[in-house]
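Trainee: Just the structure for this:
(2 chains)
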Amino acid sequence: MRFSLAVIPLVLFAALAGVFLMNIDKDSSVVPSVLIDKPAPEFSLPPLPGRDAGLSKADLTKGEVSVLNVFASWCIPCRAEHPLIKRLSREAGVPVFGLNYKEKDPQDGVKWLAELGDPYAAVGMDLSGRTGIDFGVYGVPETFIIDGTGQIRYKHVGPVTADVLEKVLLPKIAELKG
Amino acid sequence: MTKRLLMLVGALGIVLPLLASGPAMAVNPDEMLSNPALEKRARDISQELRCLVCQNQSIDDSDAELARDLRVLVRERLIAGDSNEEAIDYIVARYGDYVLLNPPLKPETYILWGSPVVLALLALLAVFAFYRRKQREASAGTTASLSREEQARLDEILGSSKGDGKA
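Mentor: This next block holds a predicted model:
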């Protein structure tokens, strides 16, 4: 009796240490999306100035796995991840779509892509940010993986790094392609 | 003298506007609805919703761009005829329960809501057990645990006049 009581603090400490250890690599500012395994919202966005095609839900439901990358010219991490979105577009073998989020000036997105290169199969311009809200976007960049039926299957919040690209996004896309 | 008066006026000029301005608000006048009842409801709803950018502020308090967009969206929903619950559900459908500053009671949150109650009960139990043990020790412990010599010594100290009471 006395011995088992003495062990309680030790057990509590070990349990707490275990919980902390499990969460030490977890970024607590990342909010898990409620839209995972749910259909992508309906949307229809105009093209960037001077381009023909915008982006709509129909582009995501063509029976092919696709990626939707939310970016903005004012977003510094977007600039950092851009080379990796280009790599993703080359290596994944699926269309990568761009959602140009809340530019102050419609031309900003065009200039940005002209400067850094355009890896996107199509870009929709979300000036109001309303489509972003429908996708549960709370900070750019965000990257969604969408299956052929238009269901959101994965979301990465924050800039894509080489690690995320190789260990998470590419395997996930390969898995969905089957 | 006039210098002092000027300083006083200057100080009042700084302090009075601060006193009059009240708590800082993130809501811009151009977002507000002309209907005061709707605006009041929108404010109430906004105070319940977490800003996902700052995370410890409500969208009513936050200056973040997204918070502004969500405030405007809430007002649009109210104008479209949504009840407060419908407007909140509209945001929750996109951002999850995490946007609610008051987490709802449901299976996923039983631990969150239940743990304070469980801890309080455990504490009560511990206090109860502590006093039970003390009481048991007080009633059963002392006389029984004295050895014969100790008892004899105790009797000696207390004086043998009261000794006839014991076995």
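
Trainee: and residue 3, what element?
Mentor: Picking chain A for this. Per DSSP states H and E: residue A:3 is located in helix A:2-23.

Trainee: could you do chain B instead?
Mentor: Here residue B:3 sits within helix B:2-21, counting by DSSP H and E.

Trainee: ok, what's across the strand from residue A:97?
Mentor: Using DSSP bridges, the beta-bridge partners of residue A:97 come out as residue A:68, residue A:122.

Trainee: What's the local residue count around it?
Mentor: Close neighbours of residue A:97, defined as other C-beta atoms under 10 Å in any protein chain shown, add up to 22. (C-beta placed from N, C-alpha, C; glycine too.)

Trainee: Tell me the pLDDT of it.
Mentor: pLDDT, residue A:97: 98.

Trainee: OK, contacts around it?
Mentor: Counting by C-beta atoms under 8 Å, 6 or more residues apart in numbering or on different chains, residue A:97 touches A:55, A:59, A:60, A:66, A:67, A:68, A:69, A:120, A:121, A:122, A:123, A:124.

Trainee: any idea which of the residues you listed is the one closest to residue A:77?
Mentor: Within the contacts of residue A:97, the smallest distance to residue A:77 is 12.0 Å, found for residue A:69 (C-beta to C-beta).

Trainee: gap between the closest one and chain B?
Mentor: Computed as C-beta to the nearest C-beta, to the nearest Å, the residue A:69 to chain B distance reads 18 Å.

Trainee: And for residue A:34?
Mentor: The gap separating residue A:34 from chain B is 4 Å, by C-beta to the nearest C-beta.

Trainee: Could you double-check that that residue lies in contact with residue A:152?
Mentor: No. Contact criterion C-beta atoms under 8 Å: residue A:34 and residue A:152 do not qualify, at 9.9 Å.

Trainee: Could you check which of those two has the larger neighbour count?
Mentor: residue A:152 (22 against 17).

Trainee: May I ask which helix or strand encompasses the more buried one?
Mentor: Going by DSSP H and E, residue A:152 is in strand A:151-157.

Trainee: In CSV, list the C-alpha atoms belonging to that strand.
Mentor: Extracted in CSV, the C-alpha atoms of strand A:151-157 (Å, rounded to 0.1, in the frame of the first residue of the first chain):
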residue,chain,number,x,y,z
GLN,A,151,-12.3,15.0,-52.4
ILE,A,152,-9.6,16.8,-50.3
ARG,A,153,-7.3,14.1,-49.0
TYR,A,154,-4.4,16.0,-47.5
LYS,A,155,-3.5,19.5,-46.5
HIS,A,156,-0.1,20.9,-45.8
VAL,A,157,-0.1,24.2,-43.9
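
Trainee: after that strand, next one along is what?
Mentor: As assigned by DSSP H and E, the chain's next helix or strand after strand A:151-157 is helix A:162-164.

Trainee: Buried by neighbour count: which residues of that next one qualify?
Mentor: For helix A:162-164, the neighbour count (16 or more other C-beta atoms under 10 Å in any protein chain shown) marks residue A:164 as buried.

Trainee: so how far is the helix or strand of chain A with the lowest mean pLDDT off the chain centroid?
Mentor: For chain A, using mean pLDDT, DSSP states H and E, the weakest element among its helices and strands is helix A:2-23, scoring a mean of 89. Distance of helix A:2-23 from the chain centroid (C-alpha atoms, centre = their mean, to the nearest Å) equals 37 Å.

Trainee: ok, it near chain B or not?
Mentor: No. Helix A:2-23 is not in contact with chain B by C-beta under 8 Å from any C-beta of the partner chain; minimum separation 9.9 Å.

Trainee: Low-confidence ranges, the chain, go.
Mentor: Using chain A. Scanning chain A for pLDDT under 70 picks out A:1-2.

Trainee: oops, I was thinking of chain B
Mentor: Applying pLDDT under 70 to chain B flags the ranges B:1-2, B:15-25, B:140-144, B:160-167.

Trainee: Provide the count of other residues in contact range of residue 32.
Mentor: I'll assume chain A. 11.

Trainee: that answer is for a different chain, and I need it for chain B
Mentor: Per other C-beta under 10 Å, the neighbour tally for residue B:32 reads 15.

Trainee: Could you do the one 3 residues further on as well?
Mentor: By other C-beta under 10 Å, 13 other residues sit near residue B:35.
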